[in-house]
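In: Predicted coordinates and the sequence they were generated for:
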Amino acid sequence: MDIKAFQAETENSATGGLQIEVYNKTAAVPVFGAKAVISGERGESFSLETDISGQTSVVWFETPPKSYSEEPTGLKPYSTASATITKDGLGSETAEGIQIFPDNTAVLRVFLNGEGNSKTIVIDSPPLYEPKDEKIFEEEVKPINSLTGFVVLDRVVIPEYIIVHDGSPNDDSAPNYYVPYKDYIKNVASSEIYSTWEPNAIRANILAIISFTLNRVFTEWYRSKGKNYTITSSTAADHYFVYGRNIYVEISQITDELFSTYIIREGSRQPLLAQYCDGKNVSCPGWMTQWGSQYLAQQGYSAIEILRYFYGDDIYLTTAEKVDGVPYSFPGEVLAEGSEGQAVETIQIQLNRISRTYSAIKTLTPDGIYGAATAESVRTFQEIFNLSQTGSVDYATWYQISQIYVAVEKLA
């Protein structure tokens, strides 16, 4: 059932979608035929199976009105659901507290461990609804090569992974998780802000999250303190990361668009340590406020105008020179039907390798000519990975294809 039919049946109630994606953690491949039993807080119940791409269909839930998430009303702006996913021989996983917002699609990605074990993940409420620890002020510019032994990289690089310490910096017993860089940004943005916000508010917040994260990478902030991780999940020290949480298609697409773009202050080498607070429960002069970014976006401010409103007029956006873990950089122009050349052949070769794992993608003749068949395969890839289904290879699609290609090659 599509969303329009569901809305008609629920007499114009607000609705939000949920899709489950299931992977074999050991083999890192999508799982066909996994069973997902899903229940919602308002009595919804679904029993689904994953397709050859490891995905269920999207199912729809009643949610609170969108207005609950557009202003700090204090009312819970989302519905919750739980899901138990099982596959013979691969064990099961239960996720509780999946958060579903109106007019948005939540995606829960599950990695079954291949050892027949079961586990339960509880997704905690977002800080905008239930405040967490207040952020600790830090000096924006970190010392470079000072007497403290501070070490920095020679240039800003988009890392392949972020090592997340799932606790405070003082909790040495907390686990560390290796999280793909873009997945980390999507997780934090899905945890820290509401996916129903104005697109430019979402962009501004994602850029702040990216810049803060890349500052931690560039300055090797925790490494310089003898720690073995990149960043923590502490809201006081860093960002709110929730292991195993669902993300949102709307946030995912903007992250794929912006993942290598960051904020920098004129005259500085460091990505801006873009600190922020909610602006309702906590005030933070000189920082961005999350609710303030939403208000400005509602007034028509662009993402860079929002950021300059809070951080000053001497900031600008720039793009990292290098993305770790991908073999080729974006050629600089969108590839579409009629395009020809080496970049097209590269995409065709990579899609052919990916199709051996994701068989819904049709194989291609790697002739360097972007025809209808290539467009169809690209469109299928975009559908599987929640990209805009244009059939053209833009910046976001190029890097997503590259990263999936590298992942399946490593698997081989």
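Out: That came through fine.
In: quick one: contacts for residue 50?
Out: 20-22, 30-34, 36, 56 (C-beta atoms under 8 Å, 6 or more residues apart in numbering). C-beta: built from backbone N, CA, C; applies to glycine.
In: Format those as a markdown table; extra columns: neighbour count, pLDDT and distance to residue 210.
Out: Listed next are the contacts of residue 50 as a markdown table, based on neighbours: other C-beta atoms under 10 Å; pLDDT from 0 to 100; distance: C-beta to C-beta, whole Å:
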| residue | neighbour count | pLDDT | distance to residue 210 |
| --- | --- | --- | --- |
| 20 | 28 | 98 | 27 |
| 21 | 22 | 97 | 23 |
| 22 | 27 | 96 | 28 |
| 30 | 21 | 95 | 28 |
| 31 | 23 | 95 | 31 |
| 32 | 15 | 96 | 34 |
| 33 | 12 | 97 | 37 |
| 34 | 27 | 97 | 32 |
| 36 | 26 | 98 | 32 |
| 56 | 23 | 98 | 30 |
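In: and those residues, which of them are in strands?
Out: 20-22, 30, 36 (DSSP state E).
In: with the contacts of residue 50 in mind, which one is nearest to residue 272?
Out: residue 21 (33.0 Å; C-beta to C-beta).
In: tell me the SS of residue 363?
Out: Classification of residue 363 by DSSP: H, G, I helix; E, B strand; the rest coil places it in coil.
In: wait, it sits on residue 354?
Out: No. The criterion here is C-beta atoms under 8 Å, and residue 363 misses it with residue 354 at 9.9 Å.
In: quick one: which of the two has more around it?
Out: residue 354 (22 against 15; other C-beta atoms under 10 Å).
In: Okay, the more buried one and residue 191: tell me how far apart.
Out: Counting by C-beta to C-beta, to the nearest Å, the gap from residue 354 to residue 191 is 29 Å.
In: repeat for residue 185
Out: Taken as C-beta to C-beta, the span from residue 185 to residue 191 is 11 Å.
In: and for those two, which residues touch both?
Out: By C-beta under 8 Å, 6+ apart, residue 185 and residue 191 have no common neighbours.
In: Would you mind naming the residues that bridge with residue 317?
Out: Residue 317 has the following beta-bridge partners by DSSP bridges: residue 263.
In: what sits against it?
Out: By C-beta under 8 Å, 6+ apart, residue 317 lies in contact with 207, 261-264, 304.
In: what about it, distance to residue 370?
Out: Taking C-beta to C-beta, one finds residue 317 at 30 Å from residue 370.
In: Let me see the ranges of the helices in the stretch 151-300 of the chain.
Out: 181-192, 199-219, 249-258, 290-298 (DSSP state H, counting those that start in this stretch).
In: for the record, mean pLDDT for the last one?
Out: Predicted confidence along helix 290-298 averages 97 (mean pLDDT).
In: Same check on the first one?
Out: For helix 181-192, mean pLDDT rounds to 97.
In: what about residue 98, helix or strand, and which?
Out: strand 91-100 (DSSP states H and E).
In: Give the pairing partners of that strand; include direction for each.
Out: Assessed with DSSP bridges, strand 91-100 is paired to strand 79-87 (antiparallel), strand 118-122 (parallel).
In: From start to finish, how long is stretch 100-109 in a straight line?
Out: Across stretch 100-109, the terminal residues are separated by 14 Å (C-alpha to C-alpha, to the nearest Å).
In: which residues are in contact with the strand holding residue 98?
Out: Against strand 91-100 from outside (C-beta under 8 Å, 6+ apart): 16-18, 40, 61, 63, 78-86, 106, 108, 110-126, 244-246.
In: Mind doing that once more with 6 Å?
Out: By C-beta atoms under 6 Å, 6 or more residues apart in numbering, the residues outside strand 91-100 that reach it are 16, 18, 61, 63, 78-86, 106, 108, 110, 112-113, 116-123, 246.
In: Stretch 255-271 now?
Out: 156, 158, 182, 185-186, 206-207, 210-211, 214-215, 218, 272, 274, 314-315, 317-320, 323, 396.
In: just the buried members of these?
Out: Those of the contacts of stretch 255-271 that meet the buried threshold are 156, 158, 182, 185-186, 206-207, 210-211, 214-215, 218, 272, 274, 315, 320, 323, 396, by 16 or more other C-beta atoms under 10 Å.
In: pLDDT below threshold where in the stretch 51-200 of the chain?
Out: 114-117, 144-154 (pLDDT under 70).
In: what about 50?
Out: 146-149, 151 (pLDDT under 50).
In: Tell me how far residue 402 lies from residue 327.
Out: To residue 327, residue 402 is 7 Å away according to C-beta to C-beta.
In: Hmm, I typed the wrong one, I wanted residue 66.
Out: 42 Å.
In: who's more crowded, the two?
Out: Comparing residue 66 with residue 327 by other C-beta under 10 Å, the one with more neighbours is residue 66, at 16 against 10.
In: List the residues that contact the more buried one.
Out: 102, 196.
In: Then residue 193?
Out: 205, 290.
In: Now do the phi/psi pair for it.
Out: Dihedral angles of residue 193 (phi, psi; degrees, to the nearest 10) stand at phi -130, psi 180.
In: returning to what we had before: and the furthest pair within the ones in strands among the contacts of residue 50?
Out: With C-beta to C-beta as the measure, no two of the ones in strands among the contacts of residue 50 lie farther apart than 30 and 36, at 13.5 Å.
In: Look up the pLDDT of the residue nearest to residue 375 when sequence neighbours are not counted for me, please.
Out: Counting by C-beta to C-beta, 6 or more residues apart in numbering, residue 391 is the residue found nearest to residue 375 once chain neighbours are left out, at 3.9 Å. On the pLDDT scale, residue 391 is placed at 97.
In: same check, this time on residue 255
Out: In this prediction, residue 255 has a pLDDT value of 97.
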